[in-house]
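**Student:** sequence plus predicted model, see below.
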Amino acid sequence: MDVRDSGFHGKLDDDQSESQISHLALDIGGTLIKLVYFSRNKDNLIDENKNRKNSFVEGRLHFAKFETSKINDCLEFILSNKLHLGGFQHHEDPASDKILIKATGGGAYRFADLIKEKLGVSIEKEEEMECLVAGANFLLKAVHQEAYTYMDGRKEFVHIDHNDLYPYLLVNIGSGVSMIKVDGDGKFERISGTSVGGGTFWGLGRLLTKCKSFDELLELSHQGNNRVIDMLVGDIYGGLDYSKIGLSSTTIASSFGKAISDNRELEEYKPEDIARSLLRMISNNIGQIAYLNALRFGLKRIFFGGFFIRSHAFTMDTISVAVNFWSKGEAKAMFLNHEGFLGALGAFMSYVKHGHDDSISPQSGQRYPVCTPLVGDKICYPLNGDLNDNDSLECSVYVA
Ligand SMILES: Nc1ncnc2c1ncn2[C@@H]1O[C@H](COP(=O)(O)OP(=O)(O)OP(=O)(O)O)[C@@H](O)[C@H]1O
Ligand SMILES: CC(C)(CO)[C@@H](O)C(=O)NCCC(=O)O
């Protein structure tokens, strides 16, 4: 079962649905909706009282994603699995049975009414940049083997020293790209952004190749050869390097530049070559802008997140090469296993920030403790950093 793909209508498997689900958080972006929620292990439910106060409860963090254009599938998934009941009660009006769930991203505004109508719960909006930073800090500090470098086909995990994490540059490549200088927990500044991002790759790619899905476009790019369409330094310099300014003959001089003089129509190019050139163009450009922003503030570490990355080897390789090339080896591009879930994780964390440490189960009227994840220096998560096909993460949360 892959709840991460849109179009999933089913119910969770028995193990998950029998356990208690809480803390549903959403990140509703321009292209994708990301969900994070916590389920207690069944063992924890045997003796509810034992786990009721001031103890750690073991369970799993679950991750799922849907296309924003198919929000109704997402709402159906939430409804059929009763995930929306894992919100919290309105703190200003505890007597009311109004349930709130945390949500971030533009869709928290755009779809608030639809969510209220379909799920019967209200959205408590969390600021998007704050959530991205909270999610990134959580992953970097709490999840073992979360960050890695990727170069020449080699993935190497990066050891994160908690005392030497800041400052760093967070580059979130979603539909558009946000670049955020992070100085600590809740301390950050969005220093730049670009509209040439994941949406550009997927949008242009769809138009130019007639691909039906993002993954198909990525797969095509894997098989393509960008030299067919890109104009290389060697194409301009008769096969020679331009060593004086440090450009080898194989460096791209102009993305898509060969299409000017080839006298070929779109249909005469292979979709895989187009996909390859496009992916290099977008990835290179983001890598370069990221590096220039890192340079502005003297940042040596650059973490890339957002679903554009999709753990795709060629994308990461291109970004790494761009950062390495422009920084002359001084700065490092790093990637995150949970790349696309930073905002949703940040919204999940905000259940703690706002002190929602008690709630009423709307189903039974019983009073439940809400699991409170500890963040910052008091971290307990996770028991291991095992990704389990990216669907869930073993963790424990603190019940206040
Ligand atoms: N299955 C998919 N369907 C569509 N796009 C995908 C998919 N997987 C990866 N992507 C890429 O991820 C991008 C969206 O990433 P992400 O979910 O991080 O951003 P978003 O939150 O939708 O956008 P924004 O933050 O700008 O509102 C898409 O533009 C596309 O490049
Ligand atoms: C508008 C957001 C923040 C929405 O997630 C994102 O798509 C973005 O950072 N776009 C780039 C906008 C710009 O700075 O030019």
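**Tutor:** Yes, it's here. Ligands and ions are numbered 1, 2, ... in the order given.

**Student:** ok, Leu170 - contacts?
**Tutor:** The contact partners of Leu170, by CB atoms under 8 Å, 6 or more residues apart in numbering, come to Leu132, Val133, Ala136, Ser178, Met179, Ile180, Lys181, Val182, Phe188, Phe303, Gly305, Leu342. The way it works is simple: take the backbone N, C-alpha and C, and place the C-beta from them, glycine included.

**Student:** is it in a helix, a strand, or coil?
**Tutor:** strand (DSSP: H, G, I helix; E, B strand; the rest coil).

**Student:** grab the nearest non-local neighbour of it.
**Tutor:** Closest residue to Leu170 apart from its sequence neighbours, by CB to CB, 6 or more residues apart in numbering: Ile180 at 4.5 Å.

**Student:** what about that neighbour, which helix or strand?
**Tutor:** Assessed by DSSP states H and E, Ile180 sits inside strand 177-184.

**Student:** give me the mean pLDDT for that strand.
**Tutor:** Summarised as a single mean, pLDDT over strand 177-184 is 98.

**Student:** can you confirm whether it lies near ligand 2?
**Tutor:** Yes - interface with ligand 2: strand 177-184 contributes Val177, Ser178 (CB under 6 Å from any ligand atom).

**Student:** re the thing from before, the residue nearest to Leu170 bridge partners, please.
**Tutor:** Following DSSP bridges, Ile180 is listed with bridge partners Leu170, Arg190.

**Student:** distance of the residue of the chain found nearest ligand 1 from ligand 2?
**Tutor:** Proximity of the chain to ligand 1 (CB to the nearest ligand atom) peaks at Gly29, 1.7 Å away. Look at Gly29 and ligand 2: by CB to the nearest ligand atom, to the nearest Å, they are 6 Å apart.

**Student:** now Ala103
**Tutor:** Distance of Ala103 to ligand 2, given as CB to the nearest ligand atom: 13 Å.

**Student:** that residue contacts Glu124, doesn't it?
**Tutor:** Yes - counting by CB atoms under 8 Å, Ala103 does reach Glu124; the two are 7.2 Å apart.

**Student:** who's more crowded, those two?
**Tutor:** Ala103 (30 against 21; other CB atoms under 10 Å).

**Student:** looking at the protein, which helix or strand is least sure?
**Tutor:** strand 358-360 (a mean of 32; mean pLDDT, DSSP states H and E).

**Student:** quick one: low-confidence ranges for the chain?
**Tutor:** Applying pLDDT under 70 to the chain flags the ranges 1-19, 43-56, 87, 89-97, 352-391, 397-400.

**Student:** can you give me the helices in it?
**Tutor:** 14-18, 43-46, 71-80, 107-110, 112-119, 128-142, 198-209, 214-223, 233-236, 271-296, 313-326, 342-353 (DSSP state H).

**Student:** any bit of the third one sitting next to ligand 1?
**Tutor:** No - contact between helix 71-80 and ligand 1, assessed by CB under 6 Å from any ligand atom, is absent, since the two come no nearer than 11.9 Å.

**Student:** returning to that earlier point: need the winner for burial among the helices of the chain.
**Tutor:** Compared across these, helix 342-353 shows the largest average neighbour count, a mean of 27 (mean count of other CB atoms under 10 Å).

**Student:** residues from the stretch 201-350 of the chain in reach of ligand 1?
**Tutor:** So the stretch 201-350 of the chain meets ligand 1 at Phe201, Trp202, Phe214, Gly306, Phe307, Phe308, Arg310, Gly340 (CB under 6 Å from any ligand atom).
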